[in-house]
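In: Structure of the sequence below:
(one chain, ligands or ions: 1)
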Amino acid sequence: MPQFQKYPAGWRVLHWVMALMVLTLIPIGLWMASRAEADIWGALTNTLYSAHKAIGFSVLLLMILRIGMKIRLKSPPYPDEMPRRLQLAAKSVHHLIYILLVLTPLLGWAGVTAYPALGILGDVTLPAMPLVPQDEELAARLFYIHGWLAITLGVLIAGHIAAALRHLFRKDGIFQRMV
Ligand code: HEM
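Out: Numbering: from 1, shown residues only. The predicted structure is shown next:
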């Protein structure tokens, strides 16, 4: 396998923790929204909503840390033999994923603020997003955009996973940088 330089340890940990969170959030989001659509309410639906809101808000907070890391630490350079166009494509997808990892939870948070449905568990509630009025119609529009952003994020992540697996099977060292 060619020589490669790994991402810093904290960066790798954050990558896999957040990957697990987002890969949990998407199926939970689809499941709870389909239960709400079918008018199925009860303990399970409530738990799904609570878990989704808590994990989603944590993703938003962790993104602050992640963007800070991305600005302060340099990602290891790609090997010279990797075509420039592929390097550019990889970087563009990564930047788009970063943007969606901020916009998607922001829209979800704005939606639960407008609805309002900020409760998570017992007395624990999320803070309301500043400047967002209470308005159910607005909440519906925000949730609609939130859903489409999440689907777009899911498609990009599927492409990202496919590319990562290709590097794993080609044993070119790119996958190992993040392990
Ligand atoms: C990266 C973070 C997030 C991802 C990937 C994500 C993903 C999703 C997905 C796939 C859906 C289903 C959409 C649909 O079928 O219409 C959904 C719905 C929902 N999400 Fe998120 N979500 C995230 C963050 C958040 C946050 C931070 C909140 C609130 C604090 C939130 C609140 C909601 C709510 C309330 C719904 C249901 C909307 C409805 O019933 O129409 N989400 N989310």
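
In: residues of the helix or strand of the chain with the lowest mean pLDDT that come out buried?
Out: Taking mean pLDDT, DSSP states H and E as the measure, the chain has strand 119-121 as its least confident helix or strand, at a mean of 94. In terms of neighbour count (16 or more other C-beta atoms under 10 Å), strand 119-121 has its buried residues at Ile120. For every residue, glycine as well, the C-beta is placed using N, CA and C.

In: That one packs against which elements?
Out: Packing partners of strand 119-121 (3 or more C-beta pairs under 8 Å, 6 or more residues apart in numbering; DSSP states H and E): helix 43-72.

In: Next one: the helix it packs on, is it in contact with the ligand?
Out: Yes: legend: contact between helix 43-72 and the ligand by C-beta under 6 Å from any ligand atom is shown at 52-53, 56-57, 59-60.

In: burial of the closest residue to Pro76 other than its chain neighbours, as a residue count?
Out: Nearest in space to Pro76, with sequence neighbours left out and distances taken as C-beta to C-beta, 6 or more residues apart in numbering, is Gln5 at 3.9 Å. Using other C-beta atoms under 10 Å, Gln5 has 10 neighbouring residues.
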